[in-house]
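[1] Generate coordinates for the sequence data below:
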Amino acid sequence: MLYDRLNRLEEIGKPINVGIIGAGTFGTQIISRVCRMNGMRIAASADLQVDRAVTALQLGGIPSDSIVTCSSPSSVNDAIGRRQFAVTDDPAAVIDSTVDVVIEATGNAEVGVKHGFDAINAKKHVVMVTIEADVVVGAKLRELADRAGVIYSLAYGDEPALAVELYEWARTLGFRVIAAGKGTRFIPEFRKATPDDVPRLYGFTGDDYNAQVFCSFLDGTKHAIESVTLSNATGLTVDVRGMHFPAVDLREMPDQLSLKSRGGILNREGVVEAVSSMRQDKTNVERNLRGGVFAVIDAPDRQSIESMASYGEIIGMMIGKTSGQAMIYRPQHFVGHEMPIGIARMMFSGESVGAPIGRISEVVAAAKKRLTPGTILDGEGGFTVCGLAERAEIADEQNLVPIGLTQGAEVLHEIPEEGLITWDNVRLKPSFALDFRRQQDTQGTQSVVTGPDKSA
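    Numbers count the residues shown, from 1 in each chain. Here you go, the predicted structure:
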């Protein structure tokens, strides 16, 4: 058991030393939880605001006199040797120290790519919380990690990795995966929402929140990023640009998420999808999956589905009345609080809890309003663009830019409202992430898979 194995590490004084970059909401959850565990410790935390890293450690019960501010890898190593907890504003001090695994949790695509790249070059295992970076160059980072003999992994507890877990369960048992994804709260008109709309549409008061981050959920961009992360880790693809986002009751999902020929909404099987808890009229679906993950499955033999159907909802299995498909689901996720389980599994098994197998899908950018030449784009969750899930081959054919590269881009030619951002109508801001993405596009990846398993 993980619990016993971690306790053993604690007993022999050889805990898993974790380094984390980013002490925001997700990072704080990870830090404070690991501090309460045996066999694993937050050896070093980096954040531009060092006090946030200190606060996160204190939330985990670490006394102030055990926290030391460091400025170099050697000073971090000294702190680790003294069983203190290092904090720093320099990510390199964490990456180049003796930590066993680096967690990238900044939420920023550009810096996330650089930190992931540097950590792999430093022969560190990497957990990429910043899926904004993963959907841009995750396939290449995973390839580099494989070559370096280290692990590149998604973050357990976040929805993509939990959905991967359901997918793996189904495929391992020989089921076909018709659709997999997450539940959320979304209607199409939210795509044009801006940070100014966040207080009204979320019911927030005060100013203790990041409006652009919340807007990325509101306008659907974050849901596209999470879905594409799942796609690239499994081979499942996108059915339609932007996904369907059906507002559907749990009991209806196996029928709705089936082929049109079977009475559903899908054009193809083996897709990622997001389902909404809100209808177009803004009323709520009674039994919805907001905050959860799912996989709609089928089997070549009817015996297994019929057997599960005989139990009804007693075993938590939904069976479609017309499609005959089944649905497994998890109704919640605990975000960063359960992420340490993934670290433990990864370190003991030598395997990720989910990682890109190739570039299957892309998160492309569309204009929220008419954009005139000279406009500077503000990226994910901003006033100018939103992200849409699309199949990678279509993104390539239409020359579409990943939303993770749009921050700071200059519009060269007028783009109509709902128009797509292409490599020709904007000038992208120079960055390491852009250079690395161009390298991925030019060289490809050795481990690329062009689509889902045909038996899926």
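[2] From now on I want contacts and neighbour counts done on CA atoms only, so please keep to that.
    Fine.
[3] quick one: residue 168 is in a strand?
    No - assessed with DSSP: H, G, I helix; E, B strand; the rest coil, residue 168 is helix; it does not lie in a strand.
[4] Quick one: neighbours of it, just the number.
    Look at residue 168: counted by other CA atoms under 10 Å, it has 16 neighbours.
[5] so who does residue 138 touch?
    355, 356 (CA atoms under 8 Å, 6 or more residues apart in numbering).
[6] for it, phi and psi?
    Main-chain torsions, residue 138, degrees, to the nearest 10: phi -60, psi -40.
[7] The lowest-mean-pLDDT helix or strand in the chain: which residues count as buried?
    In the chain, no helix or strand scores lower on mean pLDDT, DSSP states H and E than helix 302-309, which sits at a mean of 82. By 16 or more other CA atoms under 10 Å, the buried positions in helix 302-309 come out as 305, 308, 309.
[8] okay if I get those as JSON lines plus distance to residue 291?
    Below are those laid out as JSON lines (distance: CA to CA, whole Å):
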{"residue": "305", "distance to residue 291": "26"}
{"residue": "308", "distance to residue 291": "25"}
{"residue": "309", "distance to residue 291": "25"}
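[9] just checking, what packs against the least confident helix or strand of the chain?
    Helices and strands touching helix 302-309, by 3 or more CA pairs under 8 Å, 6 or more residues apart in numbering; DSSP states H and E, are strand 318-319.
[10] Which neighbouring elements make contact with the strand it packs on?
    Counting by 3+ CA pairs under 8 Å, 6+ apart, strand 318-319 packs on helix 302-309, strand 326-330.
[11] and the nearest residue to residue 15 once chain neighbours are set aside, backbone torsions?
    In space, and not counting its chain neighbours, residue 15 is closest to residue 39: 4.3 Å by CA to CA, 6 or more residues apart in numbering. In terms of degrees, to the nearest 10, the main-chain angles of residue 39 are phi 80, psi 0.
[12] So what's the residue count around residue 39?
    23.
[13] which residues touch it?
    5, 6, 7, 8, 9, 10, 14, 15, 16.
[14] Now list the buried members of those residues.
    6, 7, 10, 15, 16.
[15] mind checking the SS state of residue 209?
    Per three-state DSSP, residue 209 ends up coil.
[16] what sits against the closest residue to residue 285 other than its chain neighbours?
    Once flanking residues are discounted, residue 285 sits nearest to residue 277: 5.2 Å by CA to CA, 6+ apart. Counting by CA under 8 Å, 6+ apart, residue 277 touches 183, 184, 185, 186, 247, 248, 249, 284, 285, 288, 289, 290.
[17] Would you point out the most distant pair within these?
    186 and 249 (14.2 Å; CA to CA).
[18] Neighbour count for the two, which is higher?
    Neighbours were tallied for residue 186 and for residue 249 using other CA under 10 Å; the higher tally belongs to residue 186 (25 against 18).
[19] now that one, nearest residue through space, not along the chain?
    residue 276 (5.5 Å).
[20] What residues does the one you found make contact with?
    183, 184, 185, 186, 187, 245, 246, 247, 248, 288, 289, 290 are the contacts of residue 276 under CA under 8 Å, 6+ apart.
[21] repeat that for 6 Å
    Residue 276 is in contact with 183, 184, 185, 186, 245, 246, 247, counting by CA atoms under 6 Å, 6 or more residues apart in numbering.
[22] So which of the helices and strands packed on strand 318-319 is nearest residue 43?
    Of all these, strand 326-330 comes closest under CA to CA, at 32.0 Å.
[23] Run the chain-centre distance for the closest one.
    In terms of CA atoms, centre = their mean, to the nearest Å, the centre of strand 326-330 is found 20 Å from the chain centre.
[24] Likewise for stretch 434-445?
    21 Å.
[25] Would you mind listing the buried residues in it?
    Residues 434, 436, 437, 440, 445 are the ones in stretch 434-445 that count as buried (16+ other CA under 10 Å).
[26] Could you do stretch 370-379 as well?
    Buried residues in stretch 370-379 (16+ other CA under 10 Å): 371, 375, 376, 377, 378, 379.
[27] Those in strands, which ones?
    Assigned to strands by DSSP state E, none of the buried residues of stretch 370-379 qualify.
[28] Turn those into CSV, including distance to residue 100.
    Converted to CSV, the buried residues of stretch 370-379 look like this (distance: CA to CA, whole Å):
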residue, distance to residue 100
371, 46
375, 43
376, 40
377, 38
378, 35
379, 33
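[29] domain ranges for the chain?
    Domain ranges of the chain: 2-157+338-349, 160-335, 361-443, per automatic domain parsing.
[30] okay, how far is it across the first one, tip to tip?
    The one in question is domain 2-157+338-349. End-to-end distance for domain 2-157+338-349: 11 Å, by CA to CA, to the nearest Å.
[31] The last one too?
    Length of domain 361-443, first residue to last, CA to CA: 17 Å.
[32] can you give me the offset of it from its chain's centre?
    For domain 361-443, the distance to the chain centre is 19 Å (CA atoms, centre = their mean).
[33] cool, and the second one?
    Here domain 160-335 shows a centroid-to-chain-centroid distance of 15 Å under the convention CA atoms, centre = their mean.
[34] try the first one
    When distances are taken as CA atoms, centre = their mean, domain 2-157+338-349 is centred 17 Å away from the chain's centroid.
[35] got the phi/psi numbers for residue 87?
    phi -130, psi 150.
[36] Just the CA atoms of stretch 282-297, as PDB, please.
    Output in PDB follows, covering the C-alpha atoms of stretch 282-297 (Å, rounded to 0.1, in the frame of the first residue of the first chain):
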ATOM      1  CA  LYS A 282     -29.600  29.300 -17.500                       C
ATOM      2  CA  THR A 283     -31.500  26.800 -15.400                       C
ATOM      3  CA  ASN A 284     -29.600  24.000 -13.800                       C
ATOM      4  CA  VAL A 285     -29.600  20.300 -14.700                       C
ATOM      5  CA  GLU A 286     -31.000  18.300 -11.800                       C
ATOM      6  CA  ARG A 287     -28.400  15.600 -11.600                       C
ATOM      7  CA  ASN A 288     -25.300  17.100 -13.200                       C
ATOM      8  CA  LEU A 289     -21.600  16.200 -13.200                       C
ATOM      9  CA  ARG A 290     -20.200  19.600 -12.500                       C
ATOM     10  CA  GLY A 291     -16.700  19.100 -11.000                       C
ATOM     11  CA  GLY A 292     -16.600  15.400 -12.000                       C
ATOM     12  CA  VAL A 293     -15.200  13.200 -14.800                       C
ATOM     13  CA  PHE A 294     -16.700  10.400 -16.800                       C
ATOM     14  CA  ALA A 295     -16.200   7.800 -19.500                       C
ATOM     15  CA  VAL A 296     -19.000   6.400 -21.600                       C
ATOM     16  CA  ILE A 297     -18.200   2.800 -22.600                       C
END
